[in-house]
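Q: Need a 3D model of the following:
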Amino acid sequence: MTLVVQKFGGSSVADPERIMNVARRVVAAADAGAQVCVVVSAMGDTTDRLLELAAQVSSNPHPREQDMLLTSGERISIALLSMAIIDGGREAISFTGSQAGIVTDTRHGKARIVEMRSERVREALDAGKIAIVAGFQGVSTDLDVTTLVLEPVHFSRYDPLYRGRPSPAYLGTPVRIGDAQLYPLDARAAERSCRSRL
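A: Model prediction:
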């Protein structure tokens, strides 16, 4: 069975109507016979609003606590999208980064993936469910919630679930950054190119 991995950014899930539109697209992919894994960002400008809240209560937000705060945005999105998909007639289950097995190093606000333990996601897909994974987050080797550094991520480096499948990655959000570059499937070349721009 074909695995389809879909990624929806904040503007795609900015309000209930857009979430319903995304749900219809996801259900259509599943109805076409594919296993579907969806990666979702926080709704609209949620992350910016959370950063503003942090600045209102702290002149220098603690990095761990800021990660705890920021990752709540994706939790809202994945739960709402899962509800919409279930209402659309398909089974779905949402996963935080930690529940999806995205293991990172211990750097808060700029964590890098060190391992994927995606057994729960695989089990959900094999059971015919649509798996919805929170973007931008993982769990550190110290078991703390982390937010990920902006860089191309090629899950095939970490997990055989994604090997052999197209996995384009952008540095930056193309809508916000006019010169955002589409990187090739060669993860090492993508990482070298990314690091040279940071």
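Q: From now on I want contacts and neighbour counts done on CA atoms only, so please keep to that.
A: OK.
Q: Which strands border the helix or strand where V38 lies, and is each parallel or antiparallel?
A: V38 belongs to strand 35-40 when assigned by DSSP states H and E. Paired neighbours of strand 35-40 in the sheet (DSSP bridges): strand 3-8 (parallel), strand 130-134 (parallel).
Q: Mind putting the ones you listed into a markdown table with mean neighbour count, mean pLDDT and distance to M116?
A: A markdown table is the format used below for the strands paired with strand 35-40 (neighbours: other CA atoms under 10 Å; pLDDT from 0 to 100; distance: least, CA to CA, whole Å):
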| stretch | mean neighbour count | mean pLDDT | distance to M116 |
| --- | --- | --- | --- |
| strand 3-8 | 16 | 90 | 16 |
| strand 130-134 | 27 | 97 | 13 |
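Q: Looking at the ones you listed, spot the one closest to A111.
A: Distance to A111, taken as CA to CA, is lowest for strand 130-134 among the strands paired with strand 35-40, at 15.0 Å.
Q: Just the C-alphas of the closest one, formatted as PDB.
A: Presented in PDB, the C-alpha positions along strand 130-134 are these (Å, rounded to 0.1, in the frame of the first residue of the first chain):
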ATOM      1  CA  ILE A 130      -4.900   8.300   9.500                       C
ATOM      2  CA  ALA A 131      -1.900   9.300  11.600                       C
ATOM      3  CA  ILE A 132      -1.700  13.000  12.400                       C
ATOM      4  CA  VAL A 133       1.600  14.200  13.800                       C
ATOM      5  CA  ALA A 134       2.400  17.500  15.400                       C
END
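Q: about what we covered before: would a markdown table of the strands paired with strand 35-40 with distance to S41 be doable?
A: Formatted as a markdown table, those follow (distance: least, CA to CA, whole Å):
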| stretch | distance to S41 |
| --- | --- |
| strand 3-8 | 6 |
| strand 130-134 | 7 |
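Q: Indicate which one of those strands is closest to L69.
A: Among the strands paired with strand 35-40, the nearest to L69 by CA to CA is strand 130-134 (13.9 Å).
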